[in-house]
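Asks: this one's structure only:
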């Protein structure tokens, strides 16, 4: 089945619009609805031309601890020859709209909707939009946690259309996960997957675990359990879940419910905040 991904386009609501919205920010979770992603809340970055972005998460006391997530919007002719300024940062790019060309260590790759790129820290890369429409993509960044005796992870360039989803046991394929890297590969300390629910599928218990989550709804709508609340979410919404925040889901349809999922994995729990980035 062909996938469609929601991407914001900005704009500004009229003065007549009611202020009531689904936006929520709590100590356990946050919901940033698609309607909040207007022109007035965009940001810009050094060394990027003809580019703006929506910041969905950032490391912050009482909010995300392990990652940042942007929705980048690169206009035709825009891009960067120096996109990443933090040598410790690893990154994942997932394209939701438009096309671009990325050069990684001197090798060029064409990107389009569904393209996934994993960029280890200290990777030399550039990105440019050589098309005639805006390119919009998620850029998830994390400070890589090195472990003595483990080599660093490899560059990955893939497309969702070429990766078979893995069904969850006992669900008849109604709940499946598209994984771009091997979950057994200990070199990786974060996963960015796509989770798909067919209409009527559920997470049938309150998941409560150590992973911090960022969920961006690519397609469809559902009712999502966040801590003690059931919240309606739809394509274009973003959810942040703190570690151990109970979560569950009911996908009522009429179409598929799909989201891009970030989680931190495969590392010891830091025993002091001052050594959170070491994990040796």
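Replies: Perfect, thanks for sending it. A quick note: this is a predicted structure, and the numbers were derived from the prediction, not measured.
Asks: Stretch 49-63: end-to-end distance?
Replies: This stretch, stretch 49-63, spans 29 Å end to end (CA to CA, to the nearest Å).
Asks: buried sites along it?
Replies: 51-54, 56-57 (16 or more other CB atoms under 10 Å). (Glycine included, C-beta is placed from N, CA and C.)
Asks: Mind checking which of those residues land in strands?
Replies: 51-54, 56-57 (DSSP state E).
Asks: tell me which of the buried residues of stretch 49-63 is nearest to residue 199?
Replies: Checking those against residue 199 by CB to CB gives residue 56 as the nearest, at 26.4 Å.
Asks: So that closest one versus residue 210, what's the distance?
Replies: Counting by CB to CB, to the nearest Å, the separation of residue 56 from residue 210 is 21 Å.
Asks: Do a quick rundown of the helices in this protein.
Replies: For the chain, no helices turn up when DSSP state H is the criterion.
Asks: For the longest strand along it, enumerate the helices and strands it packs against.
Replies: Counting by DSSP E, the longest strand found in the chain is strand 67-80. Taking 3 or more CB pairs under 8 Å, 6 or more residues apart in numbering; DSSP states H and E as contact, the helices and strands that strand 67-80 lies on are strand 48-57, strand 125-128, strand 135-143, strand 213-219, strand 257-264.
Asks: can you list the weak-confidence ranges in this protein?
Replies: Residue ranges of the chain with pLDDT under 70: 1-2, 273-280.
Asks: Out of the helices and strands packed on strand 67-80, the one nearest residue 88 is which?
Replies: strand 135-143 (4.9 Å).
Asks: Between strand 48-57 and the closest one, find me the angle.
Replies: 60 degrees (axes from the mean of the first three to the mean of the last three CA atoms, to 10 degrees).
Asks: With residue 99 as the reference, measure out to the residue lying closest to residue 83 once chain neighbours are set aside.
Replies: Spatial nearest neighbour of residue 83, excluding adjacent residues (CB to CB, 6 or more residues apart in numbering): residue 127 at 5.8 Å. Going from residue 127 to residue 99 by CB to CB gives 11 Å.
Asks: Comparing these two, which residue is more hemmed in?
Replies: residue 127 (25 against 18; other CB atoms under 10 Å).
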